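Undergrad: give me the fold of what follows.
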Amino acid sequence: MPKMKTHSATKKRVKRTASGKIKVPHANRSHLKGNKSKAAIRSNRNSNFIDSSDMKRLRKQLAPIK
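TA: Numbers count the residues shown, from 1 in each chain. Reported below is the predicted structural model:
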């Protein structure tokens, strides 16, 4: 059976924390900021953590990365 490969697009977009959580940036922060409220722009600066229901799928995509 061939080796499992890491999903390249996913590995560029996520970081794993020391406690094992997966950290991702918020969506909708690159352009068209004039339509968004200041509070929405500010809250999108912080990172987002992946929900536990998606962890199994993401761990499979990031299989070789420890």
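
Undergrad: next, the spatially most central residue of the chain: phi, psi?
TA: The centroid of the chain falls nearest to residue 24 when counting by Cα atoms, centre = their mean (2.6 Å). With angles defined as degrees, to the nearest 10, residue 24 sits at phi -130, psi 150.

Undergrad: I'd guessed it sits against residue 12; true?
TA: No. Taking Cβ atoms under 8 Å as the definition, residue 24 is not a contact partner of residue 12, at 11.0 Å. (Glycine included, C-beta is placed from N, CA and C.)

Undergrad: tell me the pLDDT of the residue nearest to the centre of the chain.
TA: The per-residue pLDDT reported for residue 24 equals 92.

Undergrad: hey, what's it bridged with?
TA: Beta-bridge pairing for residue 24 (DSSP bridges): residue 48.

Undergrad: measure it to residue 62 for me?
TA: Distance from residue 24 to residue 62, counting by Cβ to Cβ, to the nearest Å: 12 Å.

Undergrad: which neighbours do these two share?
TA: residue 14 (Cβ atoms under 8 Å, 6 or more residues apart in numbering).

Undergrad: Provide a list of residues in contact with the residue nearest to the centre of the chain.
TA: With Cβ under 8 Å, 6+ apart, residue 24 has these contacts: 13-15, 47-50.

Undergrad: just give me how far the worst-scoring helix or strand of the chain on mean pLDDT sits from the chain centre.
TA: Counting by mean pLDDT, DSSP states H and E, the chain has its least confident helix or strand at helix 55-61, which shows a mean of 88. Put simply, helix 55-61 sits 12 Å off its chain's centre (Cα atoms, centre = their mean, to the nearest Å).

Undergrad: sounds good, over and out.
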